[in-house]
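Chemist: No sequence on hand, only this structure:
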Ligand SMILES: Cc1cc2nc3c(=O)[nH]c(=O)nc-3n(C[C@H](O)[C@H](O)[C@H](O)COP(=O)(O)O)c2cc1C
Ligand SMILES: CCCCCCC(=O)C(=O)O
């Protein structure tokens, strides 16, 4: 059992079962959720040899920031369900690891407190803000201004939620509200909210590229589009001026018919053609998964649930452990693959586990076994 699986087990034991299901679950029959991990398990790496690489650097440049490993913390809601320190603990852990935290619009700690927690660890800690368009433009604008004021260095706009996915476990458990004392703090005191109260997050299928254009005009922060699976959307996004494309099926929580995210990556990477960085999340659980995604065209990957497992199991220390494990595993795999830096991993080094058919294997012979070409 991997260390991340052990933390998952500890998290399952520590969490209220209803909250565990909210974190762990997907939509529908959870086919997309399962396919995220299965799609990685189907991949294998062809290592390169004799490359004379003694020193390695696992760092990557991400928009204006630098991450010391090609793994960022994906935006996930409601961290205070996992630990009383919630997003503050996650922020400190990401800052210690030297990587980017994407804090959710649905965080249970306000973005200004999240950036303050991160910057208390490292003055240059990178925190990005995840935002979903809201029907009232003034609300979206207020959220963007909050993120800017808090010192976030990029906006991650999530576009895979025209409606909320049907979360089977949440429906069964009747999980609709946060427990008393917890609230989505970024939604407090927005235009239209009751004094001191929060606005509900509204999802809507009405949004178009025009809303993205409006957001681009609203801010000078880099904009990352999260939840892209179709290569034509990836191309449009780049043409519309986004600064990065994030391949994701929302951790299998939105469209159950969606493929495992890494299956969509090669076509998206081809459509983007190196014009902007490509990120990916969904099912990343090991350093080998990180390496495969990078080889297939990602600049970095995100992890969602593993961070929640670390947080629920052991607070800040648990999240630090998740990121440390992924860093150590990735560095090890990079070394074994003959790489010095993430960019040394290339698409020719990824094959399917069932690939290739044995080149000399033919139909069975009279003698029983297939012809091998080997002298007998
Ligand atoms: C409990 C939970 C909450 C999430 N909340 C958000 C969110 O607020 N905003 C968002 O863009 N994505 C959200 N996501 C999706 C993640 O950003 C990410 O795409 C997904 O978790 C990646 O898959 P993984 O959990 O297998 O790593 C959430 C995912 C989970 C599991
Ligand atoms: C109504 C609250 C919405 C929070 C959004 C969190 C999310 O994206 C998820 O997958 O859950």
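Modeler: That came in fine, so what should we check first? What you see is a predicted model, and the numbers here were worked out from it, not measured in a lab. Ligands and ions are numbered 1, 2, ... in the order given.
Chemist: who in the stretch 251-376 of the chain is up against ligand 2?
Modeler: residue 253 (CB under 6 Å from any ligand atom). Using the backbone N, CA and C atoms, a C-beta is placed for each residue, glycine as well.
Chemist: do you know how far the residue in the stretch 251-376 of the chain that ligand 2 sits nearest to is from residue 304?
Modeler: In the stretch 251-376 of the chain, no residue comes nearer to ligand 2 than residue 253, which is 4.4 Å away by CB to the nearest ligand atom. For residue 253, the distance to residue 304 equals 9 Å [CB to CB, to the nearest Å].
Chemist: For those two, indicate the residue with more neighbours.
Modeler: Neighbour count, other CB atoms under 10 Å: between residue 253 and residue 304, residue 253 has more, with 26 against 21.
Chemist: Ramachandran angles for the more buried one?
Modeler: Backbone torsions for residue 253, taken as degrees, to the nearest 10, come to phi -110, psi 0.
Chemist: Chain neighbours aside, what residue packs nearest to it?
Modeler: Once flanking residues are discounted, residue 253 sits nearest to residue 165: 4.8 Å by CB to CB, 6 or more residues apart in numbering.
Chemist: contacting residues around the one you found?
Modeler: Listed by CB atoms under 8 Å, 6 or more residues apart in numbering, the contact set of residue 165 reads 26-28, 250, 253-256.
Chemist: got the residues of this protein near ligand 1?
Modeler: Contact residues, the chain versus ligand 1 (CB under 6 Å from any ligand atom): 22-23, 36, 74-77, 104, 106, 130, 158, 226, 248, 250-251, 253, 281-284, 303-305.
Chemist: doesn't residue 327 fall inside a helix?
Modeler: Yes - under DSSP: H, G, I helix; E, B strand; the rest coil, residue 327 falls within a helix.
Chemist: What separation is there between the nearest residue to it once chain neighbours are set aside and residue 15?
Modeler: Nearest non-adjacent residue to residue 327, counting by CB to CB, 6+ apart: residue 69, 4.4 Å away. Distance from residue 69 to residue 15, counting by CB to CB: 27 Å.
Chemist: Then residue 177?
Modeler: Counting by CB to CB, the gap from residue 177 to residue 15 is 17 Å.
Chemist: next one: residue 120
Modeler: Between residue 120 and residue 15 the distance is 27 Å, computed by CB to CB.
Chemist: Between those two, which has more neighbouring residues?
Modeler: Taking other CB under 10 Å, residue 120 and residue 15 do not tie; residue 15 has more neighbours (21 against 13).
Chemist: got a pLDDT number for that one?
Modeler: With respect to pLDDT, residue 15 has a value of 98.
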